[in-house]
Structure formats: C-alpha cells, structure tokens
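> Task: produce atomic coordinates for the following.
(2 chains)
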Amino acid sequence: MSAATAERPAPPSPPKRAASAKIVRPPKRPPVQYLPLPPGRQLLRRCLQMVAIVLLAFALDVGLLSHLQHAVAQQQLYNGMREQLAAGTLPVSEGDVDGVLLPDGVPVAYLEIPDLGLREVIVEGTDSGTLMSGPGHRRDTVLPGQAGVSVVLGRASAFGGPFSRLQELPPGSEFTVVTGQGEQTFRTIGVRYAGDPTPPALQSGQSRLVLQTARGLPYAPSGVLYLDAELVGDAQDRGARQTTVASLPESDLALGVDTSTLWALVFALQFLIGVEIAAVLTGRRVGPRKGWIIFFPLTALGGLWVAAQLVRLLPNLL
Amino acid sequence: MNRSTGSVAGLVAVLALTLLMPVAGVSAAAPADGDGDISVTIVDPTPDPTPRPSATQGPGGGSPGRGGSGGAQPTPDDEPSEPAAEGSGGHWIVVSGLDNSAHGELNPFRGWVRSTVSVANRSETETVGGRIVFRLRTIFGAQIGPALTRPLADIEPGTTRDSSVELVGVGQWPLVQVSATFEPDEASGLDPITREAWVLALPWLLLAILVLVVAAAAILWLRRAGIRAGARTGGGT
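The predicted structure follows:
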C-alpha cells in the first residue's frame, strides 16, 4: 500500500503567476521638450494659423456649404412660392400686392429647363448675396413672359451653380417659366458672348428672355455667357418697374461686386482675432490641449463667418 | 509680456492681409470680360408708356391682386437698349455652345475629346457659308495638336448645321479647353464667332501612380509599425 503510494506520480504543480510571466516594458521615454520659439517665430506661427483657418473655411464654404445653403434656400423659396401661386399673390411687377417695392430675394418665377434637369425658383434682385439663393431677376427688366426683354442672372459654380450647364442648351430647345401670369414657354435662340452680334430688336408684343452666367474655368470666370430665348405664344402685360437701367446698382450687373457688406467682414475678423487672443491667453493657463478643446468650435465659427463675408465680395456670377 | 505683444501684432498683420484679399479679388474680377464694365444692353422698341395693371389670373386660379401697382409708370427711357446685330448686314448667325465629351485610352499620351457645335442661320434671305476651326488647349493655354477645320458651306436661311470633330492628344491633362471658331466667308462681312468650354478628363495614369504611391507608403508604414511592436515584445522576453 505504501509502495503504491510511493509510485504515484506527483500532481502537476499549478501554473506560476509570478514575476517570470510579467512583460517587462521598456522605461517610458521622457516627453520631448522643445525649446520655446523666439517671439518672432511665435508671431509667424499664429499668423499662419489664422490664414490657414480662413483659407480652409473659405474652401469649405465655397466648395460644400454654399451648395447646401442654396439647396435649403431653394426649398424654402419653393414652399413660399407655391403658397403665393395658390393665393394668386405672386408678384407680377416690382411691387407686391400692397404696392410695396419687392425686397431682394423674394420669389418671382419658377424656371424649369428639362434638357438640363434644371428646376430653380427665380428671386428678385441680382447682387451677390441675393444670387446665393438662386437665379435672380434683374430689377430694371420686365418679368419673363411680359412684353419686352427680361434678364435673369445665375451663378455658374458656387451656391449650386444653377447655370453651370447653360452652354449645353442647344438652339431650338424649349423650357418654361412659371410666373404670377401663368406658365410661359420659351424657345432657345442660342448662346453668345460679349461682343457677339445681338439678336434683332423685338417687335411689338414680343417677349425675350436672356439668361446670363459666368463662363471660363469653374470659380475663375473670364467673361459673361448670354443665352437668348424667345417666348412661344403671346406676351403678357407688363408690370410697373420703379428701377431703371440708370438707377440699377453696379453690383446688380453681370459679374458685379457688392462691397456694401465690407463692414461685416471687419466685424467677423475682429471676432476671429478676439477668439485667437483668448485662445492664446487661456492656453497658457490650462495648457494647449484644453485650450484647443475650448476654442476650436469658436475658431471654426469665426473662420466660417469670415469666409462667408469674403464670398459675398466675389463676383455675383461665380 | 513680449510674447503676448508679438501675438497681438501678428494678428493685426493677418487682419490687414485678409482685408487685402477681397480687394485683390475685386480688382481681378472687375475687368473679367475685357472692358471692365460688363452688362447687357437690351432693345425694347415697344415699351408701353401706360402699362396696364398686370392683374391677370394666376395658375392657382386666384387673382394676383394689385400686383401691377407700385409707383411710377415706366417710360420708354426706362428700358435698356441694345443695338441689333451691328455690322451683320442682314445676317443673323447663331453659334451654339460646345457639346464635349472626353474619352480615355490605354495609351496614356493619347485620349480624345469629341466636340460638337451647331451653326444656325436665322436670317430670312441670306445664305451664309464658312468654316469652323476647332482647337484643343492645355490649362496653360498651349495648343495640343493641330487645329482641325471643318467646312460649312451654304447654310440656308432657317437651317442649322452641326459640325463634330475628335480632338486627339488629351493625354494626362486633367482639364483641357476646347474652342471652336466659326469663320464666315469674307463676302458675308461677318466677324468670326468663338465658343469655348473646359472639359474634365480622367488622367488615369497619374491616378494609378498616385494610388500606387499611397499604397506603398501605407505598406511601409504598417511594416515599420509591426517591426517596432515586435521589437518591443521581443525586448521584454
């Protein structure tokens, strides 16, 4: 009995969880300590940071946010226009139903070009800020379909670029414009550039629509493109116009630049600089990481505000 | 204190720099069409000196109300004017915009653009002839390949003629400019009419090289990261 006990193998020993299985990590490297920048380089770094913020916000605004802004504005304009059409109050002159001069940006017509897949609400006014919402009707001309020549301007690249493919519209193609006087059908005459021969003068009771946009590289216009179209059918009565070609601001002409909002750019820059100064001062107290967490949203907001004001200073057909 | 003062001074400098940007953009954009004052002037020989209220029935069946009201009545002088087809001598030629489509090829230095343009003679009696010259240019303005000429003889009044060419040599240019100039016969007395358009082409070779470089960089980075992790693990055993 005792021999059998002696021959029994010894039970396996439990695995050791001692220091032999422990991974010995190399000692942590001390954080890299850079020498503090001299004041001149610190200044340069801050300047470059701000320029980079503004440029990035500008690219973001023009390349992405502007198209979103245009889509939202068009949806809101379309909703409002449908209500006015149903109520029969859509303006057919430069005044509203109460005889008050139309402000910039109110809907006056609905343009549909099937060949280009284009559906846009046309608003009153043609300065840079107004054309962010969609194509604009030049105030000194009659509305589309009324006896005379009507001029509508639209952007070629930014803010949806509604007229970017205008050049592709072949002569003879038809499109429609809905105004407060009903649906007007136009037939395309053709495209022309500045300096090309213009169509002959209109006869009595005829109506023509001229669509204008920028031509050249996207976001770098080199001129104006005109698309002439003639009304198919009878022209409508003309509405009263208070604005004349002499009183139309230059900012409302093709490729016009509106500098009336320069003051807003100054305020936006002041805000951005204030945020930057606060970020610098706060960063010294709470550290750069916490400073970025606190001030990144404000910096982004300031950059976008500056970019939005810069975009308004660009030509209106961009 | 010095650092803070320096930062503020830098920010002021940036303010001045940023303010100069739009001014430069304005001055660059203003003469974009050559004369610096771009506008369309329109002829309307039939202005109605006593316009009737335009309160016609809208599509919704309602009445626009006093839509035609709103102040002073327009006079003939209120309407912009536009000279009609100056110097055309009774001709009225309309050249359409360019219809372009880019096509790539396996040969990275070839590639081509098909371009089509229409010329319409909207005169009532005059027949017009001429030719169309197509050109392909790089983004820097250098012409690619020879200009292609297509004759367009005897365009009858009220008719439209199309002309289409294939411009070869797009190569790896991502953006090329196509231009077509209609040069009428000298007898017509018409000036040449030019149409231009930018065409986006896919530079497949450049893109392939870019993809390969990015992939190689990613692989190298992953290998180095793996070697670093292995060294750490190996160093502990």
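> Just checking, which helix or strand succeeds the lowest-mean-pLDDT helix or strand in chain B along the chain?
Within chain B, no helix or strand scores below helix B:2-29, which has a mean of 42 by mean pLDDT, DSSP states H and E. Note on helix B:2-29: by DSSP states H and E, the next helix or strand toward the C-terminus is strand B:93-95.
> Partner strands of that following strand, with direction?
Next to strand B:93-95 in the sheet, as set by DSSP bridges, lie strand B:112-121 (antiparallel).
> can you state the direction angle for the next helix or strand after the strand it pairs with and strand B:112-121?
Sequence order places strand B:128-137 as the next helix or strand after strand B:112-121, per DSSP H and E. Comparing the axes of strand B:128-137 and strand B:112-121 via axes from the mean of the first three to the mean of the last three Cα atoms, to 10 degrees yields an angle of 160 degrees.
> name the helices or strands packed onto strand B:128-137?
When contacts are defined as 3 or more Cβ pairs under 8 Å, 6 or more residues apart in numbering or on different chains; DSSP states H and E, strand B:128-137 sits against strand B:112-121, strand B:148-155, strand B:160-168, strand B:175-184. Any C-beta I mention is one placed from the backbone N, CA and C, and that applies to glycine too.
> In CSV: the ones you listed, plus mean neighbour count.
Below are the helices and strands packed on strand B:128-137 laid out as CSV (neighbours: other Cβ atoms under 10 Å in any protein chain shown):
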stretch, mean neighbour count
strand B:112-121, 22
strand B:148-155, 15
strand B:160-168, 17
strand B:175-184, 21
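> Any stretches of the chain with poor pLDDT?
Just so you know, I chose chain A. Confidence mapping of chain A against pLDDT under 70 gives the ranges A:1-24, A:26-28.
> Chain B, not that one
Chain B contains residues with pLDDT under 70 at B:1-89, B:234-237.
> list the buried ones in stretch A:52-70?
Neighbour-count burial for stretch A:52-70, counted by 16 or more other Cβ atoms under 10 Å in any protein chain shown, picks out A:53-54, A:57-58, A:61-62, A:65-66, A:69-70.
> about what we covered before: between the helices and strands packed on strand B:128-137, which gets nearest to residue A:42?
Between residue A:42 and the helices and strands packed on strand B:128-137, the shortest gap by Cβ to Cβ is with strand B:175-184, which sits at 40.3 Å.
> Does anything pack onto the helix or strand that that closest one is followed by? Which helices or strands?
Per DSSP H and E, strand B:175-184 leads on to strand B:193-200 as the next helix or strand towards the C-terminus. Contacts defined by 3+ Cβ pairs under 8 Å, 6+ apart place strand B:193-200 against strand A:182-193, strand A:207-217, strand B:93-95, strand B:99-103, strand B:112-121, strand B:175-184.
> Can you list the neighbours in contact with the third one?
Put plainly, it is strand B:93-95. Outside strand B:93-95, the residues within contact range by Cβ atoms under 8 Å, 6 or more residues apart in numbering or on different chains are A:171, A:189-192, A:197, B:117-123, B:128, B:180, B:182, B:184, B:190, B:193, B:195.
> make it 7 Å
Outside strand B:93-95, the residues that touch it by Cβ atoms under 7 Å, 6 or more residues apart in numbering or on different chains are A:171, A:189-190, B:117, B:119-122, B:128, B:182, B:184, B:190, B:193, B:195.
> now the fourth one
Outside strand B:99-103, the residues within contact range by Cβ under 7 Å, 6+ apart are A:168, B:111-116, B:170, B:178, B:197, B:199-201.
> would CSV of these with distance to residue A:84 be doable?
Formatted as CSV, those follow (distance: Cβ to Cβ, whole Å):
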residue, distance to residue A:84
A:168, 31
B:111, 50
B:112, 50
B:113, 45
B:114, 45
B:115, 43
B:116, 41
B:170, 49
B:178, 43
B:197, 37
B:199, 41
B:200, 39
B:201, 45
